[in-house]
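>>> Sequence below, structure please.
(2 chains)
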Amino acid sequence: MTTFSRRKALALAGAVALATGLAAATPVLAQDCEKVDLTFTFWGSVNEKNDIEAAVKNWNEKNPCIQVKPMHIPATGTNYVQKLTTMIASNTAPDIGYLGESQAFQWATEGKILDLSPYMGETPDQQYIKSTIYKAGDTLMGTGLATGVMLIYYNKDVFDAAGVPYPPAKADEAWTWQQFVDNAKLLTKDRSGKNATDPAFDPNAIDTFGVTLPSWWGGWYPFVMSNGGQFANEDGTALTLNSPEAVEALQAFQDLIYKDHVMPNPTQTSSLPTGDVLMQSRKVAMSMDGMWRVTDFSKLGINWGVGVLPKWKTAETVVLSVPKVIFSQTKHPKEAYEFYKYISDPAQVGLFKSGLWAPHEKAYFTDPELLKTWVLAEGSAYPPEAMDAIVDYTLNHAPQQAPVYQLKNIGQIMSEAVEPNIQQLMNNKATAQEAMDKAVATAQPMMQGRW
Amino acid sequence: MLTERPSGRSATTGARARMSPRRRSEITWALTFVAPAVLGFVLLKAMPILFSLYIAMTDWSAVGNAHWVGLDNFEKMLFADPLFWRSLEVTAYYTLVSVPASMAFAFFLATLLNQRIPGLGIFRTIFYIPSIVPIIASTVIWLWMFNPDFGLFNSVLGAFGIPKMQYIFSEEQVVPSLVFMSIWGVGPMMIIFLAGLQEVPKELYEAADIDGSNAWHKLVHITLPMMTPTILFNLMISMVAAFQTFVQPFIMTNGGPNNGSLFFVFWIYRKAFQDSQMGYASALAWALFIIISVLSYLIFRTSNRWVFYRGGDN
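Prediction:
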């Protein structure tokens, strides 16, 4: 009964070859293994798509036994979620994929996301940036695919022309909010060239704005935190955005538009191009945005730099990421986890070097050799001050995980309670106190605690 | 033989046996041709519709297991969800204004285009063209025209010294702006009115001319009464379409500002695919179905008081 199958013979031959140190010389035998097929879904621009597909191709060449099929799904609107919902409902879920946080957490509780605790060890937070580890109840969903902190980008030429010092790159030297506003005023010019400190300045004919801040939570929540405010209480049963600290920071945010006249209002913003193009055309001096914009700014051919956010009490920023998950329908969890690690490895994926992604493993922020795989790589897109404004800032000045990765039912809380009232605030229809009182009251029945 | 029918409890097999081969072949072919439509309706429409009624009674999230919750979703909708009423208000407001406005404008255009004027074909084409532009494309163009800073409308109004308006960027103006936009797309309605106008018998106008009526009298006493079936048709179609408005909030406003354009169908979509509340979204869809059915019923019930059918008793 000793049927010595061809596969076993080959496996043995492989083992012998390995043992005799001939592995390098022996071509990989594709038949030498049970071939495993994995599907990987992701979104992103054309550049991202190309980079990811190149990384997957590279993987497939090196791992003939684990073949990955990349599936790019545009994320316009809720297109990606819609597609994945359908795939899961029809039992054809991908093995690995990006997943927006509000779906990721919900699907984890439905048992659709693989618990990675057996793979990632007891203490993943020692290895990874804390903000990028996601846990829904007992399920460790894994990490984000990369990280990105909120920063200030600026056009050095506009600063030089106005004689204003550049925003500091070191968190310890961060501008106070007042310094930030004062400098923004010096940078804001009307059509006759007067700046916003001039009594004859015309706020209805602004040519260059001092600053733009995004209206989504990444644009205002860091300032709430910096002032000691919080999104929600400890157990996640109530929003606390109407606390005096949060209201002070949000009122100052509104004042940038309507009192200090250094920032465009939402209507103006909607008709303006994105921050990088605005800065290129000198319509804005500073723009707050995520670290992932480095890739765009580096291609503009302008004299740009990055700095840390202004502070209220503490110099703080927030780290953003996108959960990267393995779906529990996968038949090959072990192989999927191999690829899971690979696709966030800066040595393998060009997006780290080109300034779209920052790594999520702590070692990449401290080890000089590993820093050379992204920020210090040859031909990297990062400006020199990135060692402070991105590396140190991410590692040491983003102590809190953003509320979107912690609160249950965050999608509904954001879209039905918080965002409409932030719109009221930014349209000058309500003061920060009024808007946030309303947001807190509206959110009350939606609050379901923390994960 | 062909007209013979099985009577009483006689077995159908007996009837089939007595059918001529030709009759049988006819029936076979008839069923064959009807099958795709019937199967398509049953599998692709009727079953999903019934299934959605079932999931409306569950808390299904589309990916997990569904749990029966009975009428909880409907109770939540009516008593615990301010956005249900908000989106209903927005949608009703839009319908109430856009339906009469676009019908009046379409009727006006149809009347003009029913005259014997040179270049009639060109004018008819011009007014119909907006309707063949894909809605996404036209929506994006309107987005630009509504732009408060660089848009066409404020530039034109500015030339007359009228201050800038915010259009779709203001909670109060967003619905009126979308109504204005809807009037631009009245082409199909205009064509239907035009067809209706050409059905009005010429002899009625001739008789009126002999009696010395002016144009206004002819419009009110001949054209309008004769057009009531067409008006009823357009009213129903545009009412249902207005209640199902989706693309405008989806592309232009994302339901904002401050939920000022939170149209009902857009909100169903958001519940289903953003918040993964498929059960609740199905309940909302059924609520919309009930609302539209009731309104349609009311319009039909009152129609015998104002719709005049030629050849009818009245």
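
>>> Assign the residue lying closest to residue B:266 once chain neighbours are set aside to helix, strand or coil.
Once flanking residues are discounted, residue B:266 sits nearest to residue B:249: 4.2 Å by CB to CB, 6 or more residues apart in numbering or on different chains. Every C-beta, even on glycine, is put in place using the N, C-alpha and C of the backbone. Taking DSSP: H, G, I helix; E, B strand; the rest coil as the rule, one finds residue B:249 in the helix state.

>>> In contact with residue B:249, which residues?
B:255, B:261-263, B:266 (CB atoms under 8 Å, 6 or more residues apart in numbering or on different chains).

>>> Filter these down to just the ones in helices.
residue B:266 (DSSP state H).

>>> Could you dump the contacts of residue B:249 into TSV with distance to residue A:284 added?
TSV is the format used below for the contacts of residue B:249 (distance: CB to CB, whole Å):
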residue	distance to residue A:284
B:255	28
B:261	28
B:262	31
B:263	33
B:266	32
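
>>> Now, the contacts of residue B:249 that are in strands?
Among the contacts of residue B:249, DSSP state E puts none in strands.

>>> What is the nearest of the contacts of residue B:249 to residue B:35?
Closest approach between the contacts of residue B:249 and residue B:35, by CB to CB: residue B:266, at 36.4 Å.

>>> How much space separates the closest one from chain A?
According to CB to the nearest CB, to the nearest Å, residue B:266 stands 11 Å off from chain A.

>>> show me what contacts that residue?
Neighbours of residue B:266 in contact, by CB under 8 Å, 6+ apart: B:87, B:245-246, B:249-250, B:255.

>>> from the residues you listed, which is closest to chain A?
residue B:250 (7.0 Å; CB to the nearest CB).

>>> Run through the residues of the stretch 101-250 of chain A sitting next to chain B.
By CB under 8 Å from any CB of the partner chain, the residues of the stretch 101-250 of chain A that approach chain B are A:102-103, A:106-107, A:109-112.

>>> before we move on, the earlier item: going through the contacts of residue B:266, which ones are buried?
When the contacts of residue B:266 are checked for burial by 16 or more other CB atoms under 10 Å in any protein chain shown, the buried set is B:87, B:245, B:249-250, B:255.

>>> could I get the contacts of residue B:249 as TSV with pLDDT?
Output for these, formatted as TSV (pLDDT from 0 to 100):
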residue	pLDDT
B:255	87
B:261	93
B:262	94
B:263	96
B:266	95
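
>>> end-to-end on stretch B:109-129?
End-to-end distance of stretch B:109-129: 14 Å, with CA to CA, to the nearest Å as the criterion.

>>> Would you point out the most distant pair within the residues of the stretch 101-250 of chain A next to chain B?
Most distant of those, by CB to CB, are A:102 and A:111, 17.1 Å apart.

>>> What are the structural domain limits within the chain?
Using chain A. A:28-147+A:321-396, A:149-319+A:405-446 (automatic domain parsing).

>>> if you could check chain B rather than the one you did, that'd help
Split by automatic domain parsing, chain B gives B:1-30, B:72-131+B:185-306.

>>> Would you mind checking which of those domains scores lowest on average pLDDT?
Lowest mean pLDDT of the domains of chain B: domain B:1-30, a mean of 66.

>>> rewinding a little: and the two most separated of the contacts of residue B:266?
B:87 and B:250 (13.6 Å).

>>> Report the buried residues of stretch A:266-279.
A:266-272, A:275-276, A:278-279.

>>> What segments of the stretch 101-250 of chain B are helices?
B:120-128, B:135-145, B:152-159, B:174-184, B:187-199, B:202-210, B:215-218, B:224-243, B:247 (DSSP state H, counting those that start in this stretch).

>>> Just list what the third one packs against, helices and strands only.
By that I understand helix B:152-159. Here helix B:152-159 touches helix B:135-145, going by 3 or more CB pairs under 8 Å, 6 or more residues apart in numbering or on different chains; DSSP states H and E.

>>> For stretch A:373-388, the averaged confidence score.
92.

>>> Residue B:178 contacts residue B:91, doesn't it?
No. Contact criterion CB atoms under 8 Å: residue B:178 and residue B:91 do not qualify, at 11.0 Å.

>>> Spell out which residues are contacts of both of the two.
residue B:245.

>>> So for residue A:102 and residue A:111, which residue has more residues nearby?
Applying other CB atoms under 10 Å in any protein chain shown to residue A:102 and residue A:111 shows that residue A:102 carries more neighbours, namely 24 against 14.

>>> Give me the distance from the helix or strand that the more buried one is a member of to the chain's centre.
According to DSSP states H and E, residue A:102 maps onto helix A:101-109. Here the centre of helix A:101-109 is set off from its chain's centre by 17 Å, with CA atoms, centre = their mean, to the nearest Å.

>>> export that helix as CSV, just CAs?
Taking C-alpha atoms only, helix A:101-109 is exported to CSV below (Å, rounded to 0.1, in the frame of the first residue of the first chain):
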residue,chain,number,x,y,z
GLU,A,101,-14.0,51.2,9.9
SER,A,102,-17.7,51.4,10.4
GLN,A,103,-18.3,48.3,8.4
ALA,A,104,-15.3,46.5,9.7
PHE,A,105,-16.4,46.8,13.3
GLN,A,106,-20.0,45.8,12.5
TRP,A,107,-19.0,42.9,10.4
ALA,A,108,-16.6,41.7,13.0
THR,A,109,-19.5,41.4,15.5
